[in-house]
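# turn this into a structure:
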Amino acid sequence: MIDVEMGAVGESDEFHLSRVIEAHKADVKCITSTSAGVIISGGRDDVVKFWNKRGGEFSETLSFLHPKGLSVNSIGYYDSPDGWLVFAGRKDGSIAVYGSGSSEPRTVLTHHSSNVCCIYVDEKNHVLLSGSWDNNVVVWPIKNLSRPRVLFLVGHTYSVWALAAIESNPGFYLTGSADKTIKLWRDDNVIRTFTDAVCLRLRGERLVRCRYQ
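The predicted structure is shown next:
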């Protein structure tokens, strides 16, 4: 796992390797960070790890071990006054939900039938999006995960690789797929399809897309 310094980067500046962290025993499949600067990583070794930076060095401060063979392929972090949650998307289609104060999952979400390869957390509207090799997206209400009323976004013909919520417009979502399309959704209805694209990124009110060649 690589830490890259990004401070004060201008158009003519280059990124420089800061350090390599010996984090996992197999592929690092996903990574996210918190507003406090904590790095959270998940890997093919079936582990989620938290990393804090102290004195210029990273140290592991917390880890969650999953059952053997359940690679962690996507990860999301949610923070609230009631405490944090970590969502670990796994190879079997499940999402393990961890919370502060416990080493065991608070719940396991099971509406996908295959690998959960992408996760998006909309903290503003308290929504979790998950995308899978089963070609579907599930929208989960973070504040009611014990008995969630979920929304299924069904329309892609291959794996869903990228997700975003338009946080300034609740109920609007973007999904990118191996079928070379990006779809714009209002709730569970497709309102526009962009072709020959598989990845997406929102910046303000703009959509950046790219394709796999």
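# C-alpha from now on. contacts and neighbour counts both.
Fine.
# any low-confidence regions in this structure?
Applying pLDDT under 70 to the chain flags the ranges 1-13, 196-213.
# one more pass at 80, please.
1-19, 56, 196-213 (pLDDT under 80).
# state the distance from the nearest residue to R90 once chain neighbours are set aside to K53.
Take R90 and drop its neighbours on the chain: the residue closest to it by C-alpha to C-alpha, 6 or more residues apart in numbering is V72, 4.7 Å away. As judged by C-alpha to C-alpha, to the nearest Å, V72 and K53 stand 23 Å apart.
# for these two, indicate the residue with more neighbours.
Relative neighbour count places V72 above the other of V72 and K53, with 32 against 13, counting by other C-alpha atoms under 10 Å.
# thought the more buried one was touching I40?
No - under the criterion of C-alpha atoms under 8 Å, V72 makes no contact with I40, lying 11.6 Å away.
# between the two, what contacts are shared?
Residues touching both V72 and I40 (C-alpha atoms under 8 Å, 6 or more residues apart in numbering) are V48.
# now stretch 24-34: buried residues?
Neighbour-count burial for stretch 24-34 flags H24, D27, V28, K29, C30, I31 (criterion: 16 or more other C-alpha atoms under 10 Å).
# list the contacts of the fifth one.
If you count contacts by C-alpha under 8 Å, 6+ apart, C30 has them with S41, G42, G43, V72, N73, S74, I75.
# for V97, what are phi and psi?
V97 has phi and psi values of phi -110, psi 120 when expressed as degrees, to the nearest 10.
# once you drop chain neighbours, what's closest to it?
Spatial nearest neighbour of V97, chain neighbours left out: F87 (4.8 Å); criterion: C-alpha to C-alpha, 6+ apart.
# what count of nearby residues applies to that neighbour?
Summarising burial for F87: neighbours were counted as other C-alpha under 10 Å, giving 26.
# pull the CA atoms of the helix or strand hosting it into CSV?
Following DSSP states H and E, one finds F87 within strand 85-90. Coordinates of each C-alpha in strand 85-90 appear next as CSV, following Å, rounded to 0.1, in the frame of the first residue of the first chain:
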residue,chain,number,x,y,z
LEU,A,85,-19.6,2.5,10.5
VAL,A,86,-17.5,0.6,8.0
PHE,A,87,-19.0,-1.3,5.1
ALA,A,88,-17.0,-4.2,3.7
GLY,A,89,-18.1,-5.6,0.4
ARG,A,90,-17.2,-9.2,0.0
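# that one pairs with which strands?
Applying DSSP bridges to the sheet, strand 85-90 is found paired with strand 72-78 (antiparallel), strand 95-99 (antiparallel).
# what's it in contact with?
By C-alpha under 8 Å, 6+ apart, strand 85-90 touches 42, 48, 70-79, 95-100, 115-119, 130.
# and if we set it to 6 Å?
For strand 85-90, the surrounding residues in contact (C-alpha atoms under 6 Å, 6 or more residues apart in numbering) are 70-78, 95-99, 115-116.
# which one of those is nearest E123?
Proximity to E123 was ranked across the contacts of strand 85-90 by C-alpha to C-alpha; first place goes to Y78, at 6.3 Å.
# identify the bridge partners of the closest one.
With DSSP bridges as the criterion, the beta-bridge partners of Y78 are L85.
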